[in-house]
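In: what would the 3D arrangement of this be:
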Amino acid sequence: MDKEDLRREQRFLRMMRKTLGNVVKDVTPLGGRINPLSENTIHDIRECFGLISARERELAEALGFEQAKPYYADGELPDAKVISIIKSSKD
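Out: Numbering: from 1, shown residues only. The predicted model follows:
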C-alpha cells in the first residue's frame, strides 16, 4: 500500500469511529432508563472501537508518526508559571 492508500484508510476509520460513536450517543438512554442495546451488542461495539483504534495505530506507525501522543518540536517540555487569577483574602 502506498501512503495515499494508508491516508484514505485512516479517513475511512475516522468516519467509522465517529459514526459508531454517534450511534452510541443517540441510543444511550437518559435518567436510568433501560438500554435498548443487548449486552452482546454493547460488547461488539467495544470490540469494534478496539479494532478501529488498533488499526489507526498501525497506520500511524506505517506513515511515520505517533498519532495520540503530543510532542514538542524541540523535545523539551515548556516552562510553565501558574498565575492565580483569584484574589485571596490575605491580599
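In: next, the buried residues of stretch 20-38.
Out: By neighbour count with 16 or more other Cβ atoms under 10 Å, stretch 20-38 contains the buried residues L37. All C-beta atoms are positioned from the backbone trio N, CA, C, and that covers glycine.
In: so where's this structure uncertain?
Out: 1, 66-80, 88-91 (pLDDT under 70).
In: tell me the helices in it, going along the chain?
Out: 3-27, 39-63 (DSSP state H).
In: now tell me what touches the first one from outside.
Out: Right, the one you point to is helix 3-27. 1, 35-37, 45, 48-49, 52-53, 55-56, 59-60, 62-63 (Cβ atoms under 8 Å, 6 or more residues apart in numbering).
In: what about 7 Å?
Out: P36, L37, I45, C48, F49, I52, R55, E56, L59, A62, L63 (Cβ atoms under 7 Å, 6 or more residues apart in numbering).
In: with distance to K18 added, can I get the residues you listed in a markdown table?
Out: As requested, the contacts of helix 3-27 are exported to a markdown table (distance: Cβ to Cβ, whole Å):
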| residue | distance to K18 |
| --- | --- |
| P36 | 21 |
| L37 | 18 |
| I45 | 14 |
| C48 | 13 |
| F49 | 11 |
| I52 | 10 |
| R55 | 15 |
| E56 | 12 |
| L59 | 16 |
| A62 | 21 |
| L63 | 20 |
